[in-house]
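In: from the sequence below, what's the structure:
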Amino acid sequence: MESLNPDQLRLEFTHALKDVEDLQALMQLRKDYTGKKSPLKAALKGIRHVAPDNRKAYAAAINALQAEIIDALDAKGAKLEAKRIAEQVEAEWLDLTMPGLCASRGARHPLTDVEREAMALLRRLGFELVDGPEVETAFHNFDALNIPPHHPARDMQDTFWVTGGLLLRSHTTTVQARVLGQRNELPIRIASMGRVYRNEAVDATHLAMFHQFEGIWIDKGLTFAHLKGTLAFIVKELYGDRPIRFKPKFYPYTEPSVGVDLQCGNCAGQGCTACHGAGWVTILGAGMVHPRVFDTFGFDSTEVSGIAFGLGTTRMAGQRVNAPAIKPLYDQQLALLKAMHRGR
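Out: Residues are numbered from 1 along each chain as shown. This next block holds a predicted model:
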């Protein structure tokens with residue numbers, strides 16, 4: 001067997017080490033020159049083939065070369081590791097003396113803004129907020145509110161019925177019915193808000209689920225003048241000093257009933273998305289509580305009267321942020337909601 005030439009192997013290793021530029025290549029070089037199948041290991045195993053008189057000197061030369069190669073590999077490894085750490089530090093460098101980068105703050109949903117503002121306004125008039133279930137009985141949703149069995153609102157095309165004769169409430173007036181069934185002391189001033197459901201086709205201005213905000217004030221001696229004054233105050237506080245008009249309406253649970261229109265503040269003719277060129281936008285419905293509602297809950301309708309009103313907070317929020325339609329308010333798209341807030 002041909003013996004190893006230490007000088008030749010040293011020269012080959014030196015040239016190979018110069019070409020190493022990363023730790024992975026260095027690991028492979030270490031394996032090639034000091035591993036189990038390396039020339040050094042083969043030379044040590046084949047020492048028996050060397051003449052006895054030369055074995056000691058030959059083994060010493062091989063061991064010295066192996067130590068030299070290992071030292072060179074370790075030195076190169078330390079240099080490459082230092083270089084790697086320096087590059088990582090440079091890439092991940094952070095000046096801790098610089099001001100921090102704060103995440104952008106969120107904002108309340110336009111619907112939440114409208115609801116909070118409306119409730120803050122009604123609290124100034126002595127109203128309290130009362131909540132109620134979204135899955136209701138037909139009594140609280142219809143019967144107690146003077147909506148007879150033949151009324152079209154009870155049909156499947158308008159109401160989501162569920163098992164057990166229950167339904168998804170079609171208005172927040174159900175909360176008022178529950179309060180009237182539990183309270184006898186006057187005055188009663190309560191507001192209710194939340195989701196309501198209608199089984200109707202979804203388009204730009206209609207959804208199967210939307211939000212309402214309603215209030216009711218029950219006491220002795222309340223008249224239609226109290227109703228008009230309260231509504232005018234609410235509209236002025238929410239929309240500013242803009243012209244309003246009252247028009248006759250029909251609601252089963254109020255008599256007489258009125259609708260309140262607000263003069264369109266951004267009307268630009270037929271292209272206006274708020275009023276579609278009509279010049280007026282309906283913002284709420286209201287009326288004097290129907291005597292039959294009082295009779296249902298044991299109040300004397302000859303002594304007690306009340307006013308009730310409802311705001312479509314979904315429509316109000318859409319008008320406030322200039323939403324092109326109602327549906328985008330419920331599309332949880334961050335970019336769209338940010339654009340709405342910027343447009344306020």
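
In: for the protein, which segments count as helices?
Out: For the chain, the helices defined by DSSP state H cover 6-18, 23-34, 39-45, 52-91, 110-123, 138-141, 173-182, 224-239, 291-296, 313-320, 334-342.

In: which of these has the lowest average pLDDT?
Out: Lowest mean pLDDT within the helices of the chain: helix 334-342, a mean of 67.

In: before we move on, back to that, want to throw the helices of the chain into CSV with distance to residue 285 and mean neighbour count?
Out: Quick note: C-beta positions are derived from backbone N, CA and C, even for glycine. Converted to CSV, the helices of the chain look like this (distance: least, C-beta to C-beta, whole Å; neighbours: other C-beta atoms under 10 Å):
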stretch, distance to residue 285, mean neighbour count
helix 6-18, 88, 14
helix 23-34, 75, 15
helix 39-45, 95, 16
helix 52-91, 63, 13
helix 110-123, 15, 18
helix 138-141, 17, 18
helix 173-182, 11, 22
helix 224-239, 10, 16
helix 291-296, 16, 17
helix 313-320, 12, 23
helix 334-342, 26, 13
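
In: for those, which one sits closest to residue 160?
Out: helix 138-141 (10.8 Å; C-beta to C-beta).

In: restrict that closest one to CA atoms and write it as CSV.
Out: Only the C-alpha atoms of helix 138-141 are listed here, as CSV (Å, rounded to 0.1, in the frame of the first residue of the first chain):
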residue,chain,number,x,y,z
ALA,A,138,-95.2,35.8,19.3
PHE,A,139,-97.0,37.6,22.2
HIS,A,140,-94.2,40.1,22.9
ASN,A,141,-93.4,40.6,19.2
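
In: now find how far off-centre stretch 10-28 is within its chain.
Out: 56 Å (C-alpha atoms, centre = their mean, to the nearest Å).

In: right, I mislabeled it, should have said stretch 80-99
Out: Its chain's C-alpha centre and that of stretch 80-99 lie 37 Å apart, by C-alpha atoms, centre = their mean.

In: quick one: end-to-end length of that stretch, please.
Out: From its first residue to its last, stretch 80-99 covers 34 Å (C-alpha to C-alpha, to the nearest Å).

In: equivalent analysis for stretch 244-257, please.
Out: End-to-end span of stretch 244-257 (C-alpha to C-alpha): 16 Å.

In: mind checking the pLDDT average for that stretch?
Out: Stretch 244-257 carries an average pLDDT of 91.

In: may I see the buried residues of it?
Out: Neighbour-count burial for stretch 244-257, counted by 16 or more other C-beta atoms under 10 Å, picks out 244, 251, 252, 253, 254, 257.
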